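Undergrad: give the three-dimensional model of this entry:
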Amino acid sequence: MSGMFATFRNAFKIPELKSKLIFTLIILVLYRLGASIPVPFINSELMQDLFKSQGDTIFGYLNILSGDAFSKATLFALSISPYITSSIVMQLLTIAIPALEKMQKSGDDGRKKITQITRYVTVALGLITGYGYYMTLRYTYHIVSNESLFAGIIIVACYSAGSALIMWLGEKINENGIGNGISMILFANIISRVPSSAVNQIWGIIQTIQDSAKGAREVIWETGKSLIVVVVALVIIAFVVYMSNAERRIPVQYSKRVVGRKMYGGQSTYLPMKVNMSGVMPIIFASSMVSIPATIISFMNKNPNGRSPIQADQPILHFMYNLFGTTSILYIVLEFVLIVAFSYFYIAISFNPLEVSNNLMKNGGFIPGIRPGKPTTEFITKILNRIVLIGGLFLGIVAVFPLIINAVASAFNLGTLGAIAFGGSSLLIVVGVALETTREIEAQMTMRHYKGFLE
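TA: As a prediction, this is how the structure comes out:
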């Protein structure tokens with residue numbers, strides 16, 4: 001941790017890096033200002049009341065990713081979801097459509113075209129998602145204050161324009177800032193929730209102490225909840241940092257080649273394969289998928305305006321909602337299994353062992369004891385499957401551990417620790433982005449300090 005702060009401190013001593021860091025901070029401040037601009041014709045107070053009963057649905061998870069922008073019905077309510085979805089769609093299409101695959105491998109011009117198509121897909125998904133949210137808020141929850149056609153167009157336009165603006169801000173961080181633009185925005189969204197969560201937790205403890213009707217058991221539990229959240233967060237951070245830096249190094253030997261009068265190759269190196277190659281994407285996929293049943297059930301709520309929690313007077317819906325709630329065993333098991341499954345799926349579309357094997361063979365490289373060609377591909381695939389399994393189990397443990405604590409607390413009628421319902425995935429995103437940003441800054445600092453071999 002001290003090394004990370006030292007890296008940022010040293011970065012401010014280099015003028016170019018200092019300007020990049022300041023530019024990134026300015027963009028993030030502008031983004032948070034945009035996340036506070038309300039969308040017209042939506043009752044923000046009713047919207048926040050709705051989210052108090054929608055924590056287990058996909059809306060609750062999207063609200064975390066948007067930094068409370070969705071629950072407050074602001075301009076950036078859609079957050080980075082349309083851009084992430086469009087990026088995944090383009091990755092899948094690149095594998096399925098030969099023309100796109102050829103375009104991606106044709107160099108910078110091809111990648112620029114892929115990026116341009118991704119932008120168009122993001123705008124289209126922003127329009128579709130914005131329209132879907134508008135229809136849900138209007139007909140299911142009756143939160144839209146003006147149901148005219150003009151108001152509908154304005155609401156959908158604000159949502160879609162906000163998603164396009166977020167994409168543009170992320171690209172500006174990539175071009176003129178320290179990089180990882182979309183990840184930095186997601187980082188800012190999650191971090192922005194910390195102060196309000198801390199204040200609410202402290203205020204809850206103060207109110208419990210001041211309430212003479214509550215006994216010592218409630219006071220101890222309210223205080224203990226805060227301590228449990230802190231301890232769990234520290235344990236997850238330490239675990240994530242350790243696993244994020246873990247990698248499997250496959251030794252690679254390059255044969256000697258004579259080109260003219262010079263001899264090239266002959267050196268030994270290694271092929272690094274990180275344990276957590278898929279990053280946080282499997283958690284995002286799994287959390288979104290496993291929240292869909294609770295979201296669909298909430299649409300069937302017959303309480304007035306659908307904004308009240310599903311009560312026991314609707315026994316079937318009440319049972320189904322609890323079955324897919326974040327404190328149920330089924331929810332925890334499903335999320336764990338889906339995270340492992342999506343880890344394999346994401347690696348399958350983003351890492352090609354055959355391509356790695358061919359690149360090694362073209363450059364005269366080989367793995368000691370393994371013949372080039374098909375045996376090398378099979379060896380890399382076998383190692384990859386083992387690494388992905390370990391990485392998937394790691395992601396599953398990080399995501400499920402806070403949910404298990406919530407489930408245990410709920411089983412003993414101690415309430416739930418809402419602050420850590422999605423805390424594992426949030427901490428994984430925050431720590432992962434912080435580590436990646438630190439490595440990026442260190443790489444740029446090394447490049448600036450490099451003076452070459454002639455001095």
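
Undergrad: any low-confidence regions in the stretch 201-350 of the chain?
TA: The stretch 201-350 of the chain contains residues with pLDDT under 70 at 205, 208, 210-219, 221-222, 257-266, 299, 301-314.

Undergrad: one more time with 80
TA: Scanning the stretch 201-350 of the chain with the threshold set as pLDDT under 80 gives 201-226, 228-230, 232, 255-267, 280, 284, 287-288, 291-292, 294-327.

Undergrad: which non-adjacent residue is nearest Gln91?
TA: Spatially, and ignoring its direct neighbours in sequence, Gln91 is nearest to Ile349 (5.5 Å; Cβ to Cβ, 6 or more residues apart in numbering). C-beta coordinates here come from the backbone N, C-alpha and C atoms, glycine included.

Undergrad: what distance do you get for the one you found to Phe336?
TA: As judged by Cβ to Cβ, to the nearest Å, Ile349 and Phe336 stand 21 Å apart.

Undergrad: of the two, which one has the most company?
TA: Under the criterion of other Cβ atoms under 10 Å, the comparison of Ile349 against Phe336 puts Phe336 first, with 21 against 13.

Undergrad: so the more buried one touches Leu395, yeah?
TA: No: with contacts counted by Cβ atoms under 8 Å, Phe336 stays clear of Leu395, the gap being 9.2 Å.

Undergrad: in the helix or strand where the residue nearest to Gln91 lies, what counts as buried?
TA: Ile349 belongs to helix 329-350 when assigned by DSSP states H and E. Neighbour-count burial for helix 329-350, with 16 or more other Cβ atoms under 10 Å as criterion, is recorded at 331-332, 334-336, 338-340, 342-347.

Undergrad: what's the next secondary structure element after it?
TA: By DSSP H and E, the next helix or strand past helix 329-350 is helix 353-362.

Undergrad: direction-wise, compare that next one with helix 329-350 and give the angle.
TA: Calculated by axes from the mean of the first three to the mean of the last three Cα atoms, to 10 degrees, helix 353-362 forms an angle of 30 degrees with helix 329-350.

Undergrad: just after helix 353-362, pick out the following helix or strand.
TA: Next in sequence after helix 353-362, counting helices and strands by DSSP H and E, comes strand 365-366.

Undergrad: just the helices in the stretch 1-150 of the chain please.
TA: 2-11, 15-34, 44-52, 58-65, 81-96, 98-104, 108-135, 149-176 (DSSP state H, counting those that start in this stretch).

Undergrad: any idea which of those is most buried?
TA: Mean neighbour count (mean count of other Cβ atoms under 10 Å) peaks for helix 58-65 among these, with a mean of 22.

Undergrad: residues in contact with that helix: which ones?
TA: With Cβ atoms under 8 Å, 6 or more residues apart in numbering as the test, helix 58-65 has contacts from 50-51, 54, 69-71, 79-81, 186, 189-190, 193, 284, 287-288, 291-292, 294-295, 421-422, 426.

Undergrad: these two touch, right, the residue nearest to Gln91 and Leu92?
TA: Yes: with contacts defined as Cβ under 8 Å, Ile349 counts as touching Leu92 at a distance of 6.1 Å.

Undergrad: tell me how many other residues crowd Tyr254.
TA: Neighbour tally, Tyr254, other Cβ under 10 Å: 16.

Undergrad: isn't it right up against Leu271?
TA: No: look at Tyr254 against Leu271 with Cβ under 8 Å: they stay out of range, at 11.8 Å.

Undergrad: dump the C-alpha coordinates for stretch 97-106 into PDB.
TA: Output in PDB follows, covering the C-alpha atoms of stretch 97-106 (Å, rounded to 0.1, in the frame of the first residue of the first chain):
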ATOM      1  CA  ILE A  97     -17.700 -13.000 -38.300                       C
ATOM      2  CA  PRO A  98     -14.500 -13.500 -40.400                       C
ATOM      3  CA  ALA A  99     -14.600 -10.000 -41.800                       C
ATOM      4  CA  LEU A 100     -14.500  -8.500 -38.300                       C
ATOM      5  CA  GLU A 101     -11.700 -10.900 -37.300                       C
ATOM      6  CA  LYS A 102      -9.700  -9.900 -40.300                       C
ATOM      7  CA  MET A 103     -10.400  -6.200 -39.600                       C
ATOM      8  CA  GLN A 104      -9.100  -6.600 -36.000                       C
ATOM      9  CA  LYS A 105      -5.900  -8.300 -37.200                       C
ATOM     10  CA  SER A 106      -5.200  -5.700 -39.900                       C
END
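
Undergrad: give me the mean pLDDT for it.
TA: In this model, stretch 97-106 carries a mean pLDDT of 85.

Undergrad: mind listing residues that contact that stretch?
TA: Against stretch 97-106 from outside (Cβ under 8 Å, 6+ apart): Met90, Leu93, Thr94, Ile95, Gly110, Arg111, Lys113, Ile114.

Undergrad: kind regards, and thank you for your time.
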